[in-house]
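Asks: make a model of this:
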Amino acid sequence: RSIPLEENKYVLAEIKNFQTKERAYFEAAYRRSGRYRQLILEELRREGLPEQLSWLPLIESGFKVNAYSRARALGLWQFISSTGYRFGLKRDRWVDERMDFIKSTRAAIQYLKELHSFFGDWTTALAAYNCGEFRVQKVIQAQRINYLDNFWDLYIMLPRETARFVPRFIATLLIINNPEKYGFNLPQPDPPLKFEVIEINKPVKLATLAKNIGVPSKTLEELNPELRHKSTPDRPYSLRVPPGFGQKVLAVLDNISRWIPPEATYVIHYVRRGETLSTIASRYRTTVAAIARLNRLRSVHLIRPGQRLKIPSRGRYISRKPASMRLIKEGEKLIYIVQRGDSLYRIANAFNTSVARIKQMNNLTSNILKVGQKLVIQQGLPEGAQIYIVKKGDTPYKIAQKFGMNLEILLKLNGLSQRSKIYPGQKLYVQANN
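Replies: Prediction:
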């Protein structure tokens, strides 16, 4: 049964989007579709599913095998690791089969079949493919009415990205079915990937192998995108090579030395309150760009306390000691001049105070500092106070109870509000006489 192409206001809005600001994306994705669509169609026909689904990767990934989303979904079909694992896609130090255009296609088809069997119609199944069947099921159950056969009744109840997903897909099908009607002159699709498969049983770099058989290394990489190190793994592996090159590979394989992967080239850092990528990069003698690239960060400004970051291991973490962070006296005040790499968290630690207290003393409304900025520092503790280090599971209310304090006093002492979040390792002032 084919997917109904209802041309309603939501679909028309997505068509307009593709006609204007996303036209370049649409046309580039359409061109790339030629590499993979033939094999996708073969798998869909084998399983008896609508051929229209072969265009789903256009809106999922733009037909890019290495497309990676903010939700950590990867590949043509945008699997998150848990769903990929559920449908048989391996992920280890050598391979990530979410980027394997054949294995991920088969996994996606099995997932789509399961969703269609559960929900009974393709539009609802596609919504569930985007945000998960449990999310859609929860929305359906909350309505107390059987909407299983009408996705559009669910539309306003679904997450915005999911609500747009189905009309985007229908818009894609309408444009591809009649490009001239919608003002498109679509480019010629890329030729389909052609290959043969050979069994290889040792780790070799694709670049070395390509050089030995006389093909560009990019060719082998394009045929085997799931290889994380651009090397075959240290176990039997089915390698795709251009047609006619299988015997050449087997002939030269014994003369190519085994590739030994390097030790981990990164260390793990857990973001602390007040830290920025700039301060972290400075401490590890690396760059913001290198950290962002290694962690696939979309924005260098959006990190949060407790977040796990991989840091290129060019050097160990350098913790500046208080002795190297000097205060100068201006009248009755002690002043610290902000240096490159500083954060409120590190300055507070160096001078035995707290971020909240520094912000109070300097009327700061954010944690952003500028090199050369002067900060008034009041060392030591407020009268009648002691330092408490926040532990996992703590809340201001629990801490206030623990020390027999009024919650409002605890909040005021630390420059916090009812909405403020606290984090493990953070220093708070509490009353010392309790």
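Asks: where does this protein dip in pLDDT?
Replies: Scanning the chain for pLDDT under 70 picks out 1, 143-150, 262-265, 313-325, 341, 379-384, 432-434.
Asks: mind giving me the domain split of it?
Replies: Following automatic domain parsing, one gets these domains for the chain: 9-182, 196-255, 266-312, 381-434.
Asks: and residue 339, which of those domains is closest to it?
Replies: Closest approach to residue 339 among the domains of the chain is made by domain 266-312 (9.5 Å; C-beta to C-beta). C-betas here are computed from N, CA, C, even on glycine.
Asks: where's the closest one relative to the chain centroid, distance-wise?
Replies: 14 Å (C-alpha atoms, centre = their mean, to the nearest Å).
Asks: ends of that domain, what's the gap?
Replies: Using C-alpha to C-alpha, to the nearest Å, one end of domain 266-312 lies 4 Å from the other.
Asks: and what of stretch 62-76?
Replies: Span of stretch 62-76 from end to end, C-alpha to C-alpha: 8 Å.
Asks: give me the residues contacting it.
Replies: If you take C-beta atoms under 8 Å, 6 or more residues apart in numbering as the criterion, stretch 62-76 is touched by 25, 28-29, 32-33, 35-37, 57, 60-61, 78-81, 84, 96, 98-101, 104-105, 108, 225, 296, 298.
Asks: try 7 Å this time
Replies: 25, 28-29, 32-33, 36, 57, 60-61, 78-80, 96, 98-99, 101, 104-105, 225, 296, 298 (C-beta atoms under 7 Å, 6 or more residues apart in numbering).
Asks: can you give me the strands in the chain?
Replies: 196-200, 237-241, 266-270, 308-312, 328-330, 333-337, 374-376, 385-389, 427-431 (DSSP state E).
Asks: save those as CSV, and put in distance to residue 163 and mean neighbour count too.
Replies: Shown next, in CSV, are those (distance: least, C-beta to C-beta, whole Å; neighbours: other C-beta atoms under 10 Å):
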stretch, distance to residue 163, mean neighbour count
strand 196-200, 41, 15
strand 237-241, 38, 19
strand 266-270, 35, 14
strand 308-312, 31, 17
strand 328-330, 57, 9
strand 333-337, 50, 15
strand 374-376, 47, 16
strand 385-389, 44, 14
strand 427-431, 42, 20
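Asks: dump these to a markdown table, plus distance to residue 258.
Replies: Below are the strands of the chain laid out as a markdown table (distance: least, C-beta to C-beta, whole Å):
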| stretch | distance to residue 258 |
| --- | --- |
| strand 196-200 | 11 |
| strand 237-241 | 13 |
| strand 266-270 | 24 |
| strand 308-312 | 26 |
| strand 328-330 | 60 |
| strand 333-337 | 55 |
| strand 374-376 | 56 |
| strand 385-389 | 49 |
| strand 427-431 | 51 |
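Asks: wait, which of those is closest to residue 187?
Replies: The nearest among the strands of the chain, by C-beta to C-beta, is strand 237-241 at 25.7 Å.
Asks: how far off strand 196-200 does that closest one point, in degrees?
Replies: Orientation check (axes from the mean of the first three to the mean of the last three C-alpha atoms, to 10 degrees): strand 237-241 against strand 196-200 gives 140 degrees.
Asks: let me see the contact set for the closest residue to residue 222 other than its chain neighbours.
Replies: Nearest residue to residue 222, sequence neighbours excluded (C-beta to C-beta, 6 or more residues apart in numbering): residue 193, at 7.0 Å. Counting by C-beta under 7 Å, 6+ apart, residue 193 makes contact with 35-36, 223.
Asks: restricted to helices, list these.
Replies: The helices, defined by DSSP state H, take in 35-36, 223 from the contacts of residue 193.
Asks: how near is the residue sitting furthest away from the middle of the chain to residue 338?
Replies: Most distant from the centre of the chain: residue 331, at 50.2 Å, with distances by C-alpha atoms, centre = their mean. Relative to residue 338, residue 331 is positioned 20 Å away (C-beta to C-beta, to the nearest Å).
Asks: try residue 188
Replies: 57 Å.
Asks: of the two, give the one with the bigger neighbour count.
Replies: residue 338 (16 against 8; other C-beta atoms under 10 Å).
Asks: go ahead and confirm the more buried one touches residue 369.
Replies: Yes. Residue 338 lies in contact with residue 369 (C-beta atoms under 7 Å); the separation is 4.9 Å.
Asks: quick one: contacts for residue 243?
Replies: 194-196.
Asks: ok, now residue 164?
Replies: residue 14.
Asks: still on that earlier bit, and the strands of the chain: which comes nearest residue 181?
Replies: Among the strands of the chain, the nearest to residue 181 by C-beta to C-beta is strand 237-241 (38.4 Å).
Asks: ok, and what's touching that closest one?
Replies: So strand 237-241 is contacted by 195-200, 220, 223-224, 232, 249 (C-beta under 7 Å, 6+ apart).
Asks: and residue 51, how many residues sit next to it?
Replies: 13.
Asks: let me redo that: residue 366
Replies: Number of residues near residue 366 (other C-beta under 10 Å) recorded here: 7.
Asks: and the gap between it and residue 355?
Replies: Taking C-beta to C-beta, one finds residue 366 at 11 Å from residue 355.
Asks: do the same with residue 228
Replies: Residue 228 is 39 Å from residue 355, by C-beta to C-beta.
Asks: show me where the stretch 251-400 of the chain has its helices.
Replies: Assigned by DSSP state H, counting those that start in this stretch, the helices in the stretch 251-400 of the chain fall at 277-283, 288-294, 344-350, 355-362, 396-402.
Asks: now do the first one: which elements does it pack against?
Replies: Yep, that's helix 277-283 we're talking about. helix 288-294 (3 or more C-beta pairs under 7 Å, 6 or more residues apart in numbering; DSSP states H and E).
Asks: my guess is residue 356 contacts residue 413. True?
Replies: No. With contact defined as C-beta under 7 Å, residue 356 does not count as touching residue 413 (8.4 Å).
Asks: just the ones in helices among the contacts of residue 193 now: which is nearest residue 137?
Replies: residue 36 (30.8 Å).
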